[in-house]
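Asks: Only the shape, not the letters, is given here:
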């Protein structure tokens with residue numbers, strides 16, 4: 001019998017990939033990364049809308065306040081435009 005070792009399928013990249021797919025920890029980690037990425041994207045989008053400099057720590061409530069402020073500003077501008085057009089029409 002030779003001392004040459006046969007290739008073990010479990011060492012192949014495909015097998016490692018399949019094992020990862022079945023691992024619940026893998027799915028939790030991927031889901032957590034996805035949610036963090038989406039939160040960063042939302043934060044960046046709000047910063048673009050509000051033209052504010054990025055802050056290091058911003059909680060979810062700060063993001064909600066910023067989003068509310070943006071909406072209120074846009075609605076106020078639209079309302080002012082409507083009022084102006086009504087006054088011009090009279």
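Replies: Received, thanks. In this text the structure is predicted, and so the values were computed from the model without any measurement.
Asks: Low-confidence ranges, this structure, go.
Replies: Within the chain, the stretches falling below the threshold (pLDDT under 70) are 1-5, 7, 10, 51-61, 89-90.
Asks: where along it do the helices fall?
Replies: Under the criterion DSSP state H, the chain carries helices at the ranges 13-22, 24-50, 60-89.
Asks: need these in JSON lines with distance to residue 6, can you?
Replies: Any C-beta I mention is one placed from the backbone N, CA and C, and that applies to glycine too. Shown next, in JSON lines, are the helices of the chain (distance: least, C-beta to C-beta, whole Å):
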{"stretch": "helix 13-22", "distance to residue 6": "15"}
{"stretch": "helix 24-50", "distance to residue 6": "28"}
{"stretch": "helix 60-89", "distance to residue 6": "54"}
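Asks: I'd like the ones you listed as JSON lines, with mean neighbour count appended.
Replies: Below are those laid out as JSON lines (neighbours: other C-beta atoms under 10 Å):
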{"stretch": "helix 13-22", "mean neighbour count": "10"}
{"stretch": "helix 24-50", "mean neighbour count": "12"}
{"stretch": "helix 60-89", "mean neighbour count": "11"}
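Asks: How much space separates the residue most central in space within the chain from residue 29?
Replies: Geometric centre of the chain, nearest residue: residue 38, 1.0 Å, by C-alpha atoms, centre = their mean. According to C-beta to C-beta, to the nearest Å, residue 38 stands 15 Å off from residue 29.
Asks: Same question for residue 77.
Replies: Using C-beta to C-beta, one gets 43 Å for the distance from residue 77 to residue 29.
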